[in-house]
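# Attaching a predicted model along with its sequence, questions to come.
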Amino acid sequence: MFSNTDSRAGRRRRKAALAVAVGGAAVLALSACTPSQANGADDKIGGTANLSVFAQQGTGQDLATNAFTKEVAKKFNIKFSWQTTTQDSSVAPEKRQILMASGDYPDAFLLIPWVDQFNQVDVEKLAQQGVAVPLNDLIKQYAPDIQKALDSNPDYKAMATSPDGKIYGLPQLAETLHIQYPSKLWINTDWLKRLNLQMPKTTDDMTKVLEAFKNGDPNGNGKKDEIPLSGDSHDTLIPFFMNAFIYDPQNPDKGIQSTTVLNKGKVDIQANKDGWREGLKYIKSLWDAGLIDKGAFTQNPTALAQEGNNEGTVLLGSASALHPYIFVSPGAKDGRDKQYDAVPPLTGPDGADYATYAFGSTPGATFLLTNKASKNDQVAAIKLVNYLFTEKGQLDGNFGPEGKGWAKAGADDKALDPSEKAAFVNLQLDQDAANAVQWGALSTYNQNAAFRGSQAVPTDIYDTSGYERRLFDATQLYKGHENKSQVYPTWRVWPDPSKATQVATEQTNIDNYVTQNALAFITGSKNIDTDWDAYVKGFDGLGLKDYLSTLQTAYDKSKK
């Protein structure tokens, strides 16, 4: 498994990506400061670069003494001065914002997207204030591997390039297949076998399976204690089931809760459509039949894991989650972690069988140079990041040095992606060893599909060492089921900074309205037949028209 994948997927219990309004507020505070001019901007290139860097380091990690830090310091003649925060997403964003607002910011930022990073509005405002240094010329002159990534990947180039054509910061590129299809359902296939049931293919099949889980005593303890279906407030089960009725783009892992789509090229939402209502009716039928756990929509991930890891008898029949280790611990003594397999997209009554899609990378910037950096420091920094775009830089940065953190693949090793040739093996260091020799997720800058697919992974998908393959194989069931014509490309669209706060507020209000009403309709506190029209009309008071108009303008500009 990839160390950064484990971090993103296993520890992604973060708050949703920073609201544009919040991120923008900290940047706006800079307008009260006079940005310092680049220190020694006319310095000649060469000699030691004194680079101050703000970064997020993991528990037990010390970037100052880390072996990869020493490797790149020697390679690029850099003397680092580190300012760090934790990889706790409830703490790290505030520390970065306070630092920026104070005006006492460093030469460079190296951030992790699932912890905290600059969003697009942050980047544009910092550029307008002269704080963010344009990277275009630096990349052309000193960073051929970054340039290659930009030239070969239009989506990545769009993420990195501001509307004025300049690049003021670089986002990480991580094309992790299983993260691109986040709304999965995992079912206990041991229970299916015990009850002589097939993997469900339709919504009707699913209902029958869940009823059998409830009433058929699949755990064999003679008690009616099974939980047929569960989830949590983050791993909401709504998108998986809704996709059997109408395409649902909700992606909690990327902080995208709204149902924004493209309908024939026009920005729209799904949550006020008839298909959405039919999907809610179906989920309500499961709720009314007692097939959904009462805490499925409100409990936190820890509570879901308590259900999956219940001591003694296995209780959980199925759960919505990005991956199974969210709700069941790996290496369970009774082998329950091997019992769960992905349910393919269900086919609804009208033939819909969609899957939610999300581009693997987060727009904005994880690497950003400020005007505090001298020309010499800028060159050293861009050369460092360029190294992170090379295969050697990715391997050493993510796993540690060859022979300790990774090894060349052998002739008999099987690549994760059958279309790729196995190139390397992740030696999977324990946490203490990893902390000492690798940057991990901090260095994930060019993990495109080909790089990730070339990792050699054991073929036993139910062993913990083969978990990456288990997820890759499971995702093949979902791949291609997205409605490509309706995907709103959030990663390519740069919002208008002047309307960022307003749009963020509108989106938050719409998100909350959709979530709260979906739960109300499912649980019966609102009647989906008699209250639906009032619900649809309620969007008018949330600024939906203005919200869609603003997104449309941004989308139209992005196409140019």
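Yes, it's here.

# now what about stretch 271-291, what contacts it?
203, 207, 210-211, 213-214, 228-229, 237-238, 241-242, 244-246, 248, 258-259, 270, 292, 348-349, 352, 514, 518, 521-524, 528, 532, 535-536, 539 (Cβ atoms under 8 Å, 6 or more residues apart in numbering). Using the backbone N, CA and C atoms, a C-beta is placed for each residue, glycine as well.

# Please repeat the previous calculation with a cut-off of 7 Å.
203, 207, 210-211, 214, 228-229, 238, 241-242, 245-246, 259, 270, 292, 514, 518, 521-523, 528, 532, 536, 539 (Cβ atoms under 7 Å, 6 or more residues apart in numbering).

# wait, is K157 part of a strand?
No. K157 is assigned helix when assessed by DSSP: H, G, I helix; E, B strand; the rest coil, not a strand.

# Please name the residues that touch it.
So K157 contacts L150 (Cβ under 7 Å, 6+ apart).

# What separation do you get for it and A92?
27 Å (Cβ to Cβ, to the nearest Å).

# cool, L322 as well?
21 Å.

# for the record, mean pLDDT for stretch 546-560?
Stretch 546-560 shows a mean pLDDT of 92.

# Okay, buried residues for that stretch please.
For stretch 546-560, a neighbour-count test (16 or more other Cβ atoms under 10 Å) marks Y547, L548, T550, L551, A554, Y555 as buried.

# helix or strand for the closest residue to N435 other than its chain neighbours, which one?
Once flanking residues are discounted, N435 sits nearest to Q61: 4.2 Å by Cβ to Cβ, 6 or more residues apart in numbering. Q61 belongs to no helix or strand when elements are defined using DSSP states H and E.

# Q61 contacts A436, doesn't it?
No. Judged on Cβ atoms under 7 Å, Q61 makes no contact with A436 at a distance of 8.2 Å.

# quick one, which of those two is more surrounded?
Neighbours of Q61 and A436, each counted by other Cβ atoms under 10 Å, are more numerous for Q61; the result is 23 against 17.

# And the pLDDT for that one?
Residue-level pLDDT assigned to Q61 equals 96.

# where's Y488, which helix or strand?
Using DSSP H and E, Y488 sits in no helix or strand.

# low-scoring pLDDT stretches of the stretch 401-550 of the chain, where are they?
Along the stretch 401-550 of the chain, no part satisfies pLDDT under 70.

# Helices along that one, start to end?
Assigned by DSSP state H, counting those that start in this stretch, the stretch 401-550 of the chain shows helices spanning 431-437, 449-453, 467-475, 500-523, 532-538, 544-559.

# Among those helices, which comes closest to W191?
Nearest to W191 among the helices of the stretch 401-550 of the chain is helix 467-475 (17.6 Å), distances taken as Cβ to Cβ.

# just checking, what packs against the closest one?
The helices and strands touching helix 467-475, judged by 3 or more Cβ pairs under 7 Å, 6 or more residues apart in numbering; DSSP states H and E, are helix 177-180.

# mind exporting the helix it packs on as PDB, just the C-alpha atoms?
In PDB, the C-alpha atoms belonging to helix 177-180 read as follows (Å, rounded to 0.1, in the frame of the first residue of the first chain):
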ATOM      1  CA  LEU A 177      -8.400   5.100  -8.400                       C
ATOM      2  CA  HIS A 178     -10.300   4.000  -5.300                       C
ATOM      3  CA  ILE A 179     -10.500   7.500  -4.000                       C
ATOM      4  CA  GLN A 180     -12.000   8.700  -7.300                       C
END
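
# counting contacts, what elements does that helix pack onto?
Using 3+ Cβ pairs under 7 Å, 6+ apart, helix 177-180 sits against helix 467-475.

# Would you mind writing the CA trace of the helix it packs on as PDB?
This file holds the C-alpha atoms of helix 467-475, laid out as PDB (Å, rounded to 0.1, in the frame of the first residue of the first chain):
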ATOM      1  CA  TYR A 467      -5.200  -4.400   0.500                       C
ATOM      2  CA  GLU A 468      -4.300  -1.900  -2.200                       C
ATOM      3  CA  ARG A 469      -5.200  -4.500  -4.800                       C
ATOM      4  CA  ARG A 470      -8.400  -5.300  -3.000                       C
ATOM      5  CA  LEU A 471      -9.500  -1.600  -3.300                       C
ATOM      6  CA  PHE A 472      -8.200  -1.300  -6.900                       C
ATOM      7  CA  ASP A 473     -10.200  -4.500  -7.900                       C
ATOM      8  CA  ALA A 474     -13.300  -3.400  -6.100                       C
ATOM      9  CA  THR A 475     -13.200   0.000  -7.800                       C
END
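
# Identify each buried residue in it, please.
Y467, E468, R469, R470, L471, F472, D473, A474, T475.

# does P344 really touch L477, like I thought?
Yes. Using Cβ under 7 Å, P344 is in contact with L477, at 4.3 Å.

# you'd agree K201 is up against P345?
No. Counting by Cβ under 7 Å, K201 stays clear of P345, with 9.3 Å between them.

# between those two, who's got more neighbours?
Per other Cβ under 10 Å, whichever of K201 and P345 has more neighbours is P345, with 24 against 14.

# contacting residues around the more buried one?
P345 makes contact with N243, D353, Y354, A355, Y478, H481, according to Cβ under 7 Å, 6+ apart.

# still on that earlier bit, between the buried residues of helix 467-475, which is nearest F399?
Of all the buried residues of helix 467-475, F399 sits closest to E468, with 13.2 Å by Cβ to Cβ.

# do you know how far that closest one is from A456?
10 Å.

# Least confident secondary structure element in this structure?
helix 20-29 (a mean of 36; mean pLDDT, DSSP states H and E).

# Show me what the helix or strand just after that helix pairs with in its sheet, parallel or antiparallel.
Next in sequence after helix 20-29, counting helices and strands by DSSP H and E, comes strand 49-56. Strand 49-56 pairs in its sheet with strand 78-85 (parallel), strand 108-110 (parallel), by DSSP bridges.

# Quick one: list the elements packing against the helix or strand just after the last one.
Using DSSP H and E, the helix or strand that directly follows strand 108-110 along the chain is helix 120-128. Here helix 120-128 is seen to pack against helix 20-29 when contacts are counted using 3+ Cβ pairs under 7 Å, 6+ apart.
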